[in-house]
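Participant: kindly return the folded structure for what I paste below:
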Amino acid sequence: MTKNMGYSGFWILDSGFWILDSGFWILDSGFWILDSGRLTVSTAIDEGAMDNISMQSSVARDNKKNRGYLAPFTLLCSLFFLWAVANNLNDILLPQFQKAFVLTNFQAGLIQSAFYFGYFIIPIPVGILMNKLNYKAGIMTGLLLYAVGAALFWPAAEAMSYTLFLVGLFIIAAGLGCLETAANPFVTVLGPEKTGHFRINLAQTFNSFGAIVAVIFGQSLILSNVPHLSQETLDKMTVEQLDTYNHSLVLAVQSPYMIIAAAVLMIAFLILFTKFPVIQSDTHDNSSSFFESLGRLIKVKHWRWAVLAQFCYVGAQTACWSYLIRYAVDEIPSMTPGYAANYLTATMVFFFIGRSTGTWLVKRFAPEKVLACYALISMILCIISAFVGGYIGLIALTICSMFMSIQYPTIFSLGIKGLGPDTKYGSSLIVMTIVGGGVVTPIMGFVSDAVGHIPTAELVPAFCFAVILVFAKFRANALPGNPFNSKSK
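Facilitator: The predicted structure follows:
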């Protein structure tokens, strides 16, 4: 073990781990999370005064840069947490609203359509905004829209208006579209290009944690706030009693969404007064129009395939999660929606585990290889849930989330790699493909209504994962310097 004492701090080198006292950076095998530099410490102490002075100057610069990245990166991670909460509460809202407003599977799927249509509309405008200003402008716009949409849930519940709920969901999604359009590429470019896959997967770990919190939050404050009544009991109610009961189901969403609105405004306040580092792309010539940038982007093969793959991924993930509670209740008659939500919680736990382990895997192996393996396993598990059903199918569907985990950030980082000044528009268009959640979910609901069997509809997300497999295995090798059969450099 070698130690080198200097005015900038102390360094401990032991089995390839660096610990820096100026921040909580843990660098495994010399791998930097945020820093774009590399520090080399000689094992010989007496190499000369000039070398020591040079090293100390380098350390001081690195320390200063790290401190400048710490607060922005932490706040960016909180954004990943926040949009996970809104996204995953939809899976709680869907069965709740389906019962309260007496909706078919297809009509309930429109909740996701309204939500993800917001994702489709906003990315290009916010991409133009960021191209003229910076990433922070897109983030602040997104947080304000998020808070407004969440606050609309209060009057929507009072009025028992399904339409107003859909408007609120649309505005929330527009806000999340701004956040994802800004935060995903910001995290990716906040450091060396070669470690972008790792950084975005690390940030997405907070997204996975937010998904778990959202389900527990929704289960305790929404599903458990009103007792679940059997259809037989509901049939015996008068019209007035049934209306009162259905209204109580809807009123249960008021407090949770007001809490969310307050939390979002607090984060917006912190970001407003936090200095963010200037990214090189923010200082480039931003005079190119959207259509000029689009003309260049459509010539990039790996970007085109990333757009298709991301559309399929978000559609598959949203469809699987949206109908998981309904799948459990239909396949296991004794299961209530409240208890079935435990499986949704387990799904998010598996998602978190997969994201945590997957972050390490994309650091060690070519991201394309990891993506291909995860897409293949996800496809197989969806097929099992379609043809086996029952507890086995439910467990397969639950475990599937573990292998969905790294697909979104990995597709995203592979898609925007090497885009240069077109990164903001390129990332905006990839974020637009989140509308896949609003397209695939009602398609799955339509198939379920048509065949009268939800498990069979799981073949829809299975097909989506097959498309991702094609992207990962046969197309991502088009990336410069990143062939499929070798470790990413």
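Participant: so what's the residue count around L459?
Facilitator: Using other C-beta atoms under 10 Å, L459 has 17 neighbouring residues. In short, each C-beta sits where N, CA and C put it, glycine included.
Participant: residues in contact with it?
Facilitator: Residues in contact with L459 (C-beta atoms under 8 Å, 6 or more residues apart in numbering) are C382, I383, A386, V447.
Participant: give me the pLDDT value at it.
Facilitator: On pLDDT, L459 comes in at 95.
Participant: tell me, how many residues neighbour A173?
Facilitator: By other C-beta under 10 Å, neighbour count at A173 equals 31.
Participant: I should have written Q219 there, sorry.
Facilitator: Once other C-beta under 10 Å is used to define contacts, Q219 is seen to have 20 neighbours.
Participant: now do L265
Facilitator: Counted with other C-beta under 10 Å, L265 comes out at 16.
Participant: which residues does T318 contact?
Facilitator: If a contact means C-beta under 8 Å, 6+ apart, then T318 has N90, Q112, Y116, G436, G437, G438, V440, T441 as its contacts.
Participant: do that again at 7 Å, thanks
Facilitator: By C-beta atoms under 7 Å, 6 or more residues apart in numbering, the contact set of T318 is Q112, G437, V440, T441.
Participant: pull out the buried residues from the residues you listed.
Facilitator: With burial judged by 16 or more other C-beta atoms under 10 Å, the buried subset of the contacts of T318 is Q112, G437, V440, T441.
Participant: mind putting those residues into a markdown table with pLDDT?
Facilitator: A markdown table is the format used below for the buried ones among the contacts of T318 (pLDDT from 0 to 100):
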| residue | pLDDT |
| --- | --- |
| Q112 | 72 |
| G437 | 84 |
| V440 | 91 |
| T441 | 86 |
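Participant: show me where pLDDT drops low in this protein?
Facilitator: The chain contains residues with pLDDT under 70 at 1-70, 191-197, 224, 227, 230, 278-288, 474-489.
Participant: need the max-distance pair from the contacts of L459.
Facilitator: Greatest spatial distance among the contacts of L459 (C-beta to C-beta): I383 and V447, at 14.6 Å.
Participant: picking up where we left off before, widest-spaced pair of the contacts of T318?
Facilitator: The most widely separated members of the contacts of T318, counting by C-beta to C-beta, are Q112 and V440 (8.6 Å).
Participant: that older thread, same list, the buried ones among the contacts of T318, but as JSON lines with secondary structure please.
Facilitator: Formatted as JSON lines, these follow (DSSP: H, G, I helix; E, B strand; the rest coil):
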{"residue": "Q112", "secondary structure": "helix"}
{"residue": "G437", "secondary structure": "helix"}
{"residue": "V440", "secondary structure": "helix"}
{"residue": "T441", "secondary structure": "helix"}
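Participant: what about I434, distance to A173?
Facilitator: For I434, the distance to A173 equals 8 Å [C-beta to C-beta, to the nearest Å].
Participant: what residues are shared contacts of these two?
Facilitator: Y116, Y119.
Participant: if we can go back for a sec, looking at the contacts of T318, which is nearest V189?
Facilitator: V189 lies nearest to G437 out of the contacts of T318, by C-beta to C-beta, at 25.6 Å.
Participant: so how far is I325 from the closest one?
Facilitator: 17 Å.
Participant: and what of P256?
Facilitator: Distance, P256 to I325, by C-beta to C-beta: 17 Å.
Participant: looking at those two, which is more packed in?
Facilitator: Neighbour totals were compared for P256 and I325, and I325 leads with 26 against 22 (other C-beta under 10 Å).
Participant: was I right to think that one contacts G338?
Facilitator: No - under the criterion of C-beta atoms under 7 Å, I325 makes no contact with G338, lying 9.3 Å away.
Participant: who's in contact with the closest residue to V187 other than its chain neighbours?
Facilitator: Residue nearest to V187 in three dimensions, not counting chain neighbours: A203, with 4.7 Å by C-beta to C-beta, 6 or more residues apart in numbering. For A203, the contacting residues are L76, C77, F80, V187, by C-beta under 7 Å, 6+ apart.
Participant: what do you get if the cut-off is 10 Å, keeping everything else the same?
Facilitator: For A203, the contacting residues are 73, 76-81, 183-184, 186-188, 190, 359, 409, by C-beta atoms under 10 Å, 6 or more residues apart in numbering.
Participant: which element follows whatever helix or strand it lives in toward the C-terminus?
Facilitator: Per DSSP states H and E, A203 falls inside helix 196-218. Per DSSP H and E, helix 196-218 leads on to helix 231-235 as the next helix or strand towards the C-terminus.
Participant: just checking, what packs against that next one?
Facilitator: Helices and strands touching helix 231-235, by 3 or more C-beta pairs under 10 Å, 6 or more residues apart in numbering; DSSP states H and E, are helix 239-251.
Participant: show me what the helix it packs on is packed against.
Facilitator: With contacts defined as 3+ C-beta pairs under 10 Å, 6+ apart, helix 239-251 has these neighbours: helix 49-100, helix 153-159, helix 231-235.
Participant: tell me the helices and strands packed up against the helix or strand just after that helix.
Facilitator: Moving toward the C-terminus from helix 239-251, the next helix or strand (DSSP H and E) is helix 254-272. Contacts defined by 3+ C-beta pairs under 10 Å, 6+ apart place helix 254-272 against helix 49-100, helix 135-151, helix 153-159, helix 162-189, helix 196-218.
Participant: next, the angle helix 196-218 makes with helix 254-272.
Facilitator: Angle of helix 254-272 versus helix 196-218, following axes from the mean of the first three to the mean of the last three C-alpha atoms, to 10 degrees, is 150 degrees.
Participant: next, the buried residues of helix 254-272.
Facilitator: Using 16+ other C-beta under 10 Å as the test for burial, helix 254-272 gives Q254, P256, Y257, I260, A261, A263, V264, L265, I267, A268, I271.
Participant: CA atoms only: put that helix into CSV for me.
Facilitator: Taking only C-alpha atoms (Å, rounded to 0.1, in the frame of the first residue of the first chain), the coordinates of helix 254-272 have been written out as CSV:
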residue,chain,number,x,y,z
GLN,A,254,-55.7,13.6,-4.0
SER,A,255,-53.3,13.7,-1.0
PRO,A,256,-50.6,11.6,-2.7
TYR,A,257,-50.4,13.9,-5.8
MET,A,258,-50.4,17.1,-3.7
ILE,A,259,-47.4,15.7,-1.8
ILE,A,260,-45.7,15.0,-5.1
ALA,A,261,-46.4,18.5,-6.3
ALA,A,262,-44.9,20.0,-3.2
ALA,A,263,-41.8,17.8,-3.5
VAL,A,264,-41.3,18.7,-7.1
LEU,A,265,-41.4,22.4,-6.4
MET,A,266,-38.8,22.0,-3.6
ILE,A,267,-36.4,20.3,-6.0
ALA,A,268,-37.1,23.0,-8.6
PHE,A,269,-36.1,25.6,-6.0
LEU,A,270,-32.8,23.8,-5.2
ILE,A,271,-31.9,23.5,-8.9
LEU,A,272,-32.7,27.1,-9.6
